[in-house]
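K.L.:
The following comprises the amino acid sequence and a computationally predicted model.
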Amino acid sequence: MPFFSIIGLMLICLPIGVIISVGGDPILFVHFPSLLIVVAGSLFLGIASFGWLRFTDGIRALGILFVTGIPEWATLDAIVVIRTLKWHLFAAGFLGSIIGTIRMLANMSDPSVLGHTMALNLLPIVYGSFLALFVCQPALNRLLAMVPQIQNREVSEVKRGSNKVGVALLFLTLLLLSATVFMNWSGFTIPSKPDEPSSTTGESDKKDSNILVGEMFRLKPMVVNLMDATEGREIYLHVVVSLEVEYGKHKNVRDELERRQDQIRDLIGSLLSAQSGSVLRTPEGKFRLREEILQRINPLLVNGSLQRVFFPEFVIHTTSKPIDDRISSMQSNHEASP
């Protein structure tokens with residue numbers, strides 16, 4: 001077994017492992033579906049390109065990293081197989097990432113998990129690039145250095161290998177497939193980091209919302225014209241905004257909110273009037289609106305901050321009638337209600 005090949009692989013893996021461990025939870029880099037699409041996709045592409053026997057004979061040449069001399073299975077045909085396998089790994093990684101991104105974009109109902117999902121979508125590229133650059137490329141370089149010796153050998157001396165390599169590859173693929181099916185069936189998922197609670201959704205982290213819930217401060221109802229109104233057609237929003245005060249600082253922040261209520265209502269009204277009704281009808285639009293309200297109000301507060309924003313009432317109206325009469329009617333109804 002070549003000494004420098006082992007040292008080189010260790011020097012490659014050691015800093016990568018340190019960076020992964022120091023930068024966060026290493027378990028986030030373990031995802032069986034991503035590994036399956038890279039390994040199975042590249043292997044099946046290789047079999048489709050070269051046939052079963054030719055591909056399994058060529059794949060044995062990866063063992064050149066761990067032997068000395070020129071083994072009998074180091075052939076020119078193996079060089080072609082390894083070079084093609086390297087590009088298949090890249091292709092399978094990018095294909096897996098694109099598939100994951102499409103699925104993510106088709107299901108964006110919960111913005112709080114988008115970051116974790118996007119991170120998982122990058123793992124196929126990581127797996128494919130690692131196997132291609134740190135396994136296939138070193139083996140390919142050693143084989144290319146042996147080309148003169150390989151060409152001088154007698155063709156009769158080159159023996160076809162057994163099917164043990166092919167059986168091992170098939171077993172590995174089936175093992176990954178079984179692990180993926182089991183994870184989906186059992187509902188096992190790799191958890192995202194719990195350090196950052198979903199601040200404004202008010203529904204993702206039930207544990208935090210029950211333990212560290214702050215006092216609610218409800219602003220007066222607001223009726224605001226939205227920006228996508230057209231001539232003869234008014235689109236306006238009736239909304240009630242409820243602000244959750246930072247836990248443990250209820251009294252100081254609440255007093256400050258009382259004094260600044262007109263300023264805060266004006267700030268929120270300006271923000272709402274620049275919004276589009278078609279955007280605010282979507283969960284993503286409401287999520288971004290909550291974030292923007294927090295970003296606008298928190299810098300104004302001196303005695304604390306806000307944790308979350310809620311909309312107990314959120315109704316978008318479209319009408320062709322004069323809106324002034326409707327606003328007056330709605331405001332009078334709220335003033336009359338106890």
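P.N.:
Done, it's in. Predicted model, so just to flag it, every value in this text is computed and none were measured.

K.L.:
which residue packs closest to residue 123, ignoring adjacent ones?
P.N.:
residue 34 (4.0 Å; Cβ to Cβ, 6 or more residues apart in numbering). Heads up, the C-betas are built off the backbone N, CA and C, glycines and all.

K.L.:
Okay, now the unreliable bits of the stretch 101-250 of the chain?
P.N.:
109-112, 153-213, 229-232, 248-250 (pLDDT under 70).

K.L.:
That one: strands as residue ranges?
P.N.:
Assigned by DSSP state E, counting those that start in this stretch, the stretch 101-250 of the chain shows strands spanning 216-218, 222-225, 234-245.

K.L.:
For the shortest one, list every residue counted as buried.
P.N.:
To tie it back to what came earlier, the one meant is strand 216-218. residue 217 (16 or more other Cβ atoms under 10 Å).

K.L.:
Sheet partners, orientation included, of it?
P.N.:
strand 234-245 (antiparallel) (DSSP bridges).

K.L.:
Following the chain onward from the partner strand, which element is next?
P.N.:
helix 250-259 (DSSP states H and E).

K.L.:
now the angle between helix 250-259 and the strand or helix carrying residue 318, please.
P.N.:
According to DSSP H and E, residue 318 maps onto strand 306-319. Strand 306-319 and helix 250-259 meet at an angle of 40 degrees, taking axes from the mean of the first three to the mean of the last three Cα atoms, to 10 degrees as the criterion.

K.L.:
Put the alpha carbons of strand 306-319 into PDB.
P.N.:
Only the C-alpha atoms of strand 306-319 are listed here, as PDB (Å, rounded to 0.1, in the frame of the first residue of the first chain):
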ATOM      1  CA  LEU A 306     -40.400  43.000  20.100                       C
ATOM      2  CA  GLN A 307     -40.200  39.300  19.600                       C
ATOM      3  CA  ARG A 308     -43.000  38.500  17.200                       C
ATOM      4  CA  VAL A 309     -45.700  40.200  15.100                       C
ATOM      5  CA  PHE A 310     -49.200  38.700  14.700                       C
ATOM      6  CA  PHE A 311     -52.200  39.600  12.600                       C
ATOM      7  CA  PRO A 312     -55.400  38.700  14.500                       C
ATOM      8  CA  GLU A 313     -57.400  40.300  11.600                       C
ATOM      9  CA  PHE A 314     -56.100  40.500   8.100                       C
ATOM     10  CA  VAL A 315     -58.600  41.100   5.300                       C
ATOM     11  CA  ILE A 316     -58.000  42.400   1.800                       C
ATOM     12  CA  HIS A 317     -60.900  44.000   0.100                       C
ATOM     13  CA  THR A 318     -61.400  44.800  -3.600                       C
ATOM     14  CA  THR A 319     -64.100  47.300  -4.500                       C
END
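
K.L.:
returning to what we had before: wait, the residue nearest to residue 123 sits on residue 130?
P.N.:
No - using Cβ atoms under 8 Å, residue 34 is not in contact with residue 130, being 11.6 Å away.

K.L.:
Of these two, which one has the most company?
P.N.:
residue 34 (24 against 16; other Cβ atoms under 10 Å).

K.L.:
Now do the more buried one against residue 18, distance only.
P.N.:
According to Cβ to Cβ, to the nearest Å, residue 34 stands 22 Å off from residue 18.

K.L.:
Also residue 80?
P.N.:
For residue 80, the distance to residue 18 - Cβ to Cβ - is 36 Å.

K.L.:
Looking at these two, which is more packed in?
P.N.:
residue 80 (14 against 10).

K.L.:
So for that one, what's the pLDDT?
P.N.:
Residue 80 carries a pLDDT value of 90.

K.L.:
tell me the contacts of it?
P.N.:
residue 58 (Cβ atoms under 8 Å, 6 or more residues apart in numbering).

K.L.:
switch the cut-off to 7 Å
P.N.:
Residue 80 makes contact with no residue under the criterion Cβ atoms under 7 Å, 6 or more residues apart in numbering.

K.L.:
Name the residues of the helix or strand encompassing it that come out as buried.
P.N.:
Residue 80 is part of helix 76-106, with elements assigned from DSSP H and E. Neighbour-count burial for helix 76-106 flags 77-79, 81-86, 88-93, 95-97, 100 (criterion: 16+ other Cβ under 10 Å).
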